[in-house]
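K.L.:
Show me how the following folds:
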Amino acid sequence: MVVGTTLYNNLTVPVRAAYCAGMDEPDDDSLPDLFAPWRWRPWTLTWVIFLALLSGGITTWLLIELSVPRPVHRSEPYTELPTQTVTPSAKLADVQGEESDDDYWQYDPDDGRRFKAELIQHIQSANRIVVTEHANFTDFWTRTGTLEAKDIVYGTITLDATQKSRLLATVKAMSDGAMSGGSGCIFEPHHTIAIYNDGSLTSSVRICFLCSQIQWDGTRWIPPRDVCMQIRGFIEFLGFTPSRDWKALAQADQSE
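P.N.:
Numbering: from 1, shown residues only. Below you'll find the model as predicted:
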(Lines give C-alpha, C1' and ligand atoms only; values in the text may rest on other atoms or scores of the structure.)
Protein backbone atom coordinates (compact mmCIF):
# COMPACT_ATOMS: atom_id res chain seq x y z
CA MET A 1 0.00 0.00 0.00
CA VAL A 2 2.84 2.39 0.84
CA VAL A 3 4.65 1.52 -2.37
CA GLY A 4 1.51 2.13 -4.44
CA THR A 5 0.89 5.53 -2.81
CA THR A 6 4.49 6.61 -3.36
CA LEU A 7 4.39 5.56 -6.99
CA TYR A 8 1.10 7.35 -7.53
CA ASN A 9 2.39 10.60 -6.05
CA ASN A 10 5.66 10.52 -7.99
CA LEU A 11 3.91 9.98 -11.31
CA THR A 12 0.76 12.11 -11.05
CA VAL A 13 1.64 15.12 -8.91
CA PRO A 14 3.70 16.88 -11.62
CA VAL A 15 0.96 16.33 -14.19
CA ARG A 16 -1.81 17.59 -11.93
CA ALA A 17 0.25 20.60 -10.92
CA ALA A 18 0.85 21.50 -14.57
CA TYR A 19 -2.77 20.92 -15.44
CA CYS A 20 -4.09 23.06 -12.60
CA ALA A 21 -1.63 25.89 -13.40
CA GLY A 22 -3.04 26.11 -16.90
CA MET A 23 0.23 25.23 -18.56
CA ASP A 24 0.03 24.21 -22.15
CA GLU A 25 2.26 21.29 -21.52
CA PRO A 26 4.19 19.99 -18.53
CA ASP A 27 7.94 20.07 -18.54
CA ASP A 28 9.57 17.44 -20.65
CA ASP A 29 11.21 15.98 -17.56
CA SER A 30 8.04 15.88 -15.45
CA LEU A 31 7.13 12.40 -16.66
CA PRO A 32 9.00 9.63 -18.41
CA ASP A 33 8.29 9.17 -22.12
CA LEU A 34 6.51 5.98 -21.21
CA PHE A 35 3.62 8.02 -19.77
CA ALA A 36 3.50 10.70 -22.48
CA PRO A 37 0.04 9.64 -23.81
CA TRP A 38 -1.49 10.22 -20.36
CA ARG A 39 0.12 13.54 -19.50
CA TRP A 40 -3.16 15.43 -19.73
CA ARG A 41 -5.18 12.59 -18.20
CA PRO A 42 -3.89 12.12 -14.63
CA TRP A 43 -6.92 10.15 -13.47
CA THR A 44 -6.50 7.69 -16.31
CA LEU A 45 -2.96 7.10 -15.13
CA THR A 46 -4.25 6.59 -11.60
CA TRP A 47 -6.64 3.89 -12.78
CA VAL A 48 -3.87 2.15 -14.71
CA ILE A 49 -1.71 2.00 -11.58
CA PHE A 50 -4.62 0.77 -9.50
CA LEU A 51 -5.50 -1.98 -11.97
CA ALA A 52 -1.86 -3.05 -12.21
CA LEU A 53 -1.62 -3.41 -8.41
CA LEU A 54 -4.95 -5.23 -8.29
CA SER A 55 -3.94 -7.70 -10.99
CA GLY A 56 -0.64 -8.31 -9.23
CA GLY A 57 -2.42 -9.07 -5.97
CA ILE A 58 -4.86 -11.43 -7.67
CA THR A 59 -2.02 -13.22 -9.44
CA THR A 60 -0.15 -13.66 -6.16
CA TRP A 61 -3.25 -15.03 -4.45
CA LEU A 62 -3.87 -17.53 -7.25
CA LEU A 63 -0.27 -18.76 -7.13
CA ILE A 64 -0.52 -19.33 -3.38
CA GLU A 65 -3.86 -21.12 -3.67
CA LEU A 66 -2.64 -23.41 -6.45
CA SER A 67 0.60 -24.26 -4.64
CA VAL A 68 -1.08 -25.41 -1.39
CA PRO A 69 -2.32 -29.02 -1.55
CA ARG A 70 -5.92 -29.57 -0.55
CA PRO A 71 -7.46 -32.73 0.95
CA VAL A 72 -9.57 -34.78 -1.39
CA HIS A 73 -13.01 -35.64 -0.08
CA ARG A 74 -14.47 -38.79 -1.50
CA SER A 75 -17.94 -40.13 -1.09
CA GLU A 76 -17.43 -43.66 0.15
CA PRO A 77 -19.84 -45.92 2.04
CA TYR A 78 -19.26 -46.14 5.82
CA THR A 79 -17.59 -49.37 6.89
CA GLU A 80 -17.46 -50.26 10.57
CA LEU A 81 -13.99 -51.39 11.63
CA PRO A 82 -13.56 -54.41 13.90
CA THR A 83 -13.12 -53.54 17.58
CA GLN A 84 -10.51 -54.90 19.97
CA THR A 85 -10.82 -54.82 23.75
CA VAL A 86 -7.62 -53.74 25.49
CA THR A 87 -7.28 -52.66 29.12
CA PRO A 88 -4.64 -50.44 30.74
CA SER A 89 -3.17 -53.50 32.42
CA ALA A 90 -0.58 -55.28 30.29
CA LYS A 91 0.88 -58.69 30.86
CA LEU A 92 4.37 -58.81 32.26
CA ALA A 93 7.26 -59.43 29.89
CA ASP A 94 7.67 -63.00 28.72
CA VAL A 95 10.96 -63.89 30.38
CA GLN A 96 10.83 -67.41 28.98
CA GLY A 97 11.66 -66.09 25.51
CA GLU A 98 8.50 -67.51 23.92
CA GLU A 99 6.71 -65.80 21.09
CA SER A 100 3.66 -63.90 22.23
CA ASP A 101 0.23 -64.79 20.88
CA ASP A 102 -1.93 -62.41 18.88
CA ASP A 103 -3.98 -61.64 22.00
CA TYR A 104 -0.92 -61.09 24.20
CA TRP A 105 -1.99 -57.56 25.21
CA GLN A 106 -5.66 -58.42 25.68
CA TYR A 107 -7.10 -58.71 29.14
CA ASP A 108 -8.09 -62.23 30.07
CA PRO A 109 -9.83 -62.73 33.43
CA ASP A 110 -8.40 -66.26 33.53
CA ASP A 111 -4.85 -64.87 33.86
CA GLY A 112 -5.17 -64.87 37.64
CA ARG A 113 -5.64 -68.63 37.71
CA ARG A 114 -2.66 -69.17 35.39
CA PHE A 115 -0.51 -66.84 37.52
CA LYS A 116 -1.40 -68.81 40.65
CA ALA A 117 -0.69 -72.17 39.03
CA GLU A 118 2.78 -71.14 37.87
CA LEU A 119 3.69 -69.52 41.19
CA ILE A 120 2.58 -72.61 43.12
CA GLN A 121 4.71 -74.77 40.83
CA HIS A 122 7.76 -72.57 41.40
CA ILE A 123 7.31 -72.60 45.16
CA GLN A 124 6.83 -76.37 45.34
CA SER A 125 9.93 -77.09 43.25
CA ALA A 126 12.14 -74.55 45.06
CA ASN A 127 14.76 -75.83 47.46
CA ARG A 128 15.27 -72.38 49.01
CA ILE A 129 13.07 -69.30 49.32
CA VAL A 130 14.36 -66.04 50.80
CA VAL A 131 12.12 -63.11 51.80
CA THR A 132 13.85 -59.72 52.16
CA GLU A 133 12.70 -56.32 53.40
CA HIS A 134 14.91 -53.65 51.86
CA ALA A 135 15.25 -50.05 50.70
CA ASN A 136 14.36 -48.91 47.21
CA PHE A 137 16.30 -46.38 45.14
CA THR A 138 13.35 -43.95 45.28
CA ASP A 139 13.85 -43.68 49.04
CA PHE A 140 16.89 -41.51 48.37
CA TRP A 141 15.05 -38.87 46.36
CA THR A 142 14.91 -35.51 48.10
CA ARG A 143 13.61 -32.04 47.21
CA THR A 144 17.16 -30.78 46.75
CA GLY A 145 18.52 -33.73 44.77
CA THR A 146 19.26 -37.41 45.06
CA LEU A 147 21.35 -38.95 47.79
CA GLU A 148 23.73 -41.79 47.08
CA ALA A 149 21.59 -44.91 46.92
CA LYS A 150 22.65 -47.88 49.01
CA ASP A 151 21.57 -51.50 49.14
CA ILE A 152 20.05 -51.35 52.61
CA VAL A 153 18.51 -54.57 53.94
CA TYR A 154 16.26 -54.25 56.98
CA GLY A 155 15.64 -57.96 57.38
CA THR A 156 15.88 -61.28 55.58
CA ILE A 157 14.41 -64.71 56.28
CA THR A 158 15.08 -68.04 54.63
CA LEU A 159 11.81 -69.93 54.83
CA ASP A 160 11.63 -73.19 56.72
CA ALA A 161 9.14 -75.93 55.90
CA THR A 162 6.35 -74.35 57.97
CA GLN A 163 6.83 -70.93 56.45
CA LYS A 164 6.99 -72.41 52.96
CA SER A 165 3.69 -74.19 53.56
CA ARG A 166 2.20 -70.91 54.74
CA LEU A 167 3.37 -69.22 51.53
CA LEU A 168 1.78 -71.99 49.45
CA ALA A 169 -1.48 -71.60 51.33
CA THR A 170 -1.33 -67.82 50.78
CA VAL A 171 -0.98 -68.24 47.02
CA LYS A 172 -3.72 -70.87 46.82
CA ALA A 173 -6.09 -68.53 48.67
CA MET A 174 -5.73 -65.86 45.99
CA SER A 175 -8.62 -65.14 43.66
CA ASP A 176 -8.69 -66.71 40.20
CA GLY A 177 -9.76 -63.39 38.68
CA ALA A 178 -6.99 -61.17 37.30
CA MET A 179 -6.39 -57.49 37.95
CA SER A 180 -8.45 -55.37 35.57
CA GLY A 181 -6.66 -52.04 36.03
CA GLY A 182 -3.26 -50.60 36.70
CA SER A 183 -1.94 -48.16 39.26
CA GLY A 184 -0.95 -44.57 38.58
CA CYS A 185 1.76 -44.41 41.25
CA ILE A 186 5.46 -45.21 40.95
CA PHE A 187 6.32 -48.85 41.59
CA GLU A 188 8.45 -48.80 44.76
CA PRO A 189 8.99 -52.38 45.99
CA HIS A 190 10.38 -52.89 49.49
CA HIS A 191 9.79 -56.63 49.76
CA THR A 192 11.21 -59.37 47.57
CA ILE A 193 10.56 -63.11 47.53
CA ALA A 194 13.55 -64.82 45.88
CA ILE A 195 12.97 -68.37 44.65
CA TYR A 196 16.00 -70.64 44.26
CA ASN A 197 16.33 -74.06 42.67
CA ASP A 198 19.49 -76.14 42.73
CA GLY A 199 21.40 -73.21 44.19
CA SER A 200 20.44 -70.79 41.40
CA LEU A 201 17.97 -67.92 41.49
CA THR A 202 15.09 -68.89 39.22
CA SER A 203 12.73 -65.92 39.75
CA SER A 204 11.91 -63.04 42.07
CA VAL A 205 8.59 -61.64 43.26
CA ARG A 206 8.80 -57.91 44.06
CA ILE A 207 5.93 -56.29 45.96
CA CYS A 208 4.96 -52.64 46.39
CA PHE A 209 2.30 -52.30 49.08
CA LEU A 210 2.12 -48.56 48.50
CA CYS A 211 0.40 -48.97 45.13
CA SER A 212 -0.69 -52.62 45.63
CA GLN A 213 1.32 -53.85 42.66
CA ILE A 214 3.49 -56.89 42.13
CA GLN A 215 6.11 -57.87 39.56
CA TRP A 216 7.17 -61.47 39.09
CA ASP A 217 9.72 -62.23 36.38
CA GLY A 218 8.71 -65.90 36.24
CA THR A 219 5.42 -65.51 34.35
CA ARG A 220 3.70 -63.67 31.55
CA TRP A 221 0.25 -63.59 33.14
CA ILE A 222 -1.54 -60.79 34.97
CA PRO A 223 -1.62 -61.43 38.74
CA PRO A 224 -4.82 -62.05 40.72
CA ARG A 225 -6.78 -59.02 41.85
CA ASP A 226 -6.12 -59.67 45.57
CA VAL A 227 -2.48 -60.72 45.27
CA CYS A 228 -1.08 -57.88 47.42
CA MET A 229 -3.75 -58.28 50.09
CA GLN A 230 -2.92 -61.97 50.47
CA ILE A 231 0.85 -61.45 50.46
CA ARG A 232 0.52 -58.63 53.00
CA GLY A 233 -0.77 -61.16 55.52
CA PHE A 234 2.15 -63.47 54.81
CA ILE A 235 4.69 -60.63 55.18
CA GLU A 236 3.18 -59.71 58.53
CA PHE A 237 3.25 -63.40 59.53
CA LEU A 238 7.04 -63.34 59.01
CA GLY A 239 7.36 -60.29 61.27
CA PHE A 240 7.99 -57.70 58.55
CA THR A 241 6.11 -54.41 58.13
CA PRO A 242 4.37 -53.84 54.78
CA SER A 243 4.01 -50.07 55.26
CA ARG A 244 6.65 -47.80 56.78
CA ASP A 245 8.16 -44.37 56.26
CA TRP A 246 10.72 -45.81 53.87
CA LYS A 247 12.31 -42.50 52.90
CA ALA A 248 12.98 -41.44 56.48
CA LEU A 249 14.27 -44.89 57.30
CA ALA A 250 16.69 -45.03 54.39
CA GLN A 251 17.98 -41.48 54.79
CA ALA A 252 18.45 -41.92 58.54
CA ASP A 253 20.49 -45.04 57.85
CA GLN A 254 22.62 -43.13 55.36
CA SER A 255 23.34 -40.29 57.78
CA GLU A 256 24.79 -42.68 60.31
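
K.L.:
How is this structure partitioned into domains?
P.N.:
What automatic domain parsing lists as the domains of the chain is 2-67, 111-255.

K.L.:
Determine which stretch of those is the most buried.
P.N.:
domain 111-255 (a mean of 16; mean count of other Cβ atoms under 10 Å). Placement of C-beta: from N, CA and C, glycine included.

K.L.:
so who does Lys164 touch?
P.N.:
123, 126, 129 (Cβ atoms under 8 Å, 6 or more residues apart in numbering).

K.L.:
Ile207 too?
P.N.:
Per Cβ under 8 Å, 6+ apart, neighbours of Ile207: 189-193, 213-214, 228, 231, 235.

K.L.:
just checking, which of those residues belong to helices?
P.N.:
Among the contacts of Ile207, the members found in helices (DSSP state H) are 228, 231, 235.

K.L.:
Could you save these as TSV and add columns showing pLDDT and distance to Phe115?
P.N.:
Below are the ones in helices among the contacts of Ile207 laid out as TSV (pLDDT from 0 to 100; distance: Cβ to Cβ, whole Å):
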residue	pLDDT	distance to Phe115
Cys228	92	13
Ile231	96	12
Ile235	96	18
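
K.L.:
Which secondary structure element of this structure has the lowest mean pLDDT?
P.N.:
Sorting the helices and strands of the chain by mean pLDDT, DSSP states H and E puts helix 2-20 at the bottom, at a mean of 54.

K.L.:
what's downstream of that one, the next helix or strand?
P.N.:
Going down the chain from helix 2-20, the next helix or strand is helix 42-67, by DSSP states H and E.

K.L.:
average pLDDT across that following helix?
P.N.:
Mean pLDDT, helix 42-67: 77.

K.L.:
thinking again about what came up before, present the ones in helices among the contacts of Ile207 as JSON lines; the columns should include distance to Arg114.
P.N.:
Output for the ones in helices among the contacts of Ile207, formatted as JSON lines (distance: Cβ to Cβ, whole Å):
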{"residue": "Cys228", "distance to Arg114": "18"}
{"residue": "Ile231", "distance to Arg114": "18"}
{"residue": "Ile235", "distance to Arg114": "24"}
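
K.L.:
with these in mind, which one is nearest to Ala250?
P.N.:
Ile235 (18.4 Å; Cβ to Cβ).

K.L.:
Quick check: which ranges of the protein have low pLDDT?
P.N.:
1-45, 67-107, 143-149, 181-183, 253-256 (pLDDT under 70).

K.L.:
make it 80
P.N.:
1-48, 61-109, 142-150, 180-184, 252-256 (pLDDT under 80).

K.L.:
Just to check, Ala135 is in contact with Gly155?
P.N.:
No. Look at Ala135 against Gly155 with Cβ atoms under 8 Å: they stay out of range, at 11.6 Å.

K.L.:
Pretty sure Arg206 sits against Gln215.
P.N.:
Yes. With contact defined as Cβ under 8 Å, Arg206 reaches Gln215; the gap is 4.8 Å.

K.L.:
how far away is Thr170 from Arg128?
P.N.:
According to Cβ to Cβ, to the nearest Å, Thr170 stands 18 Å off from Arg128.
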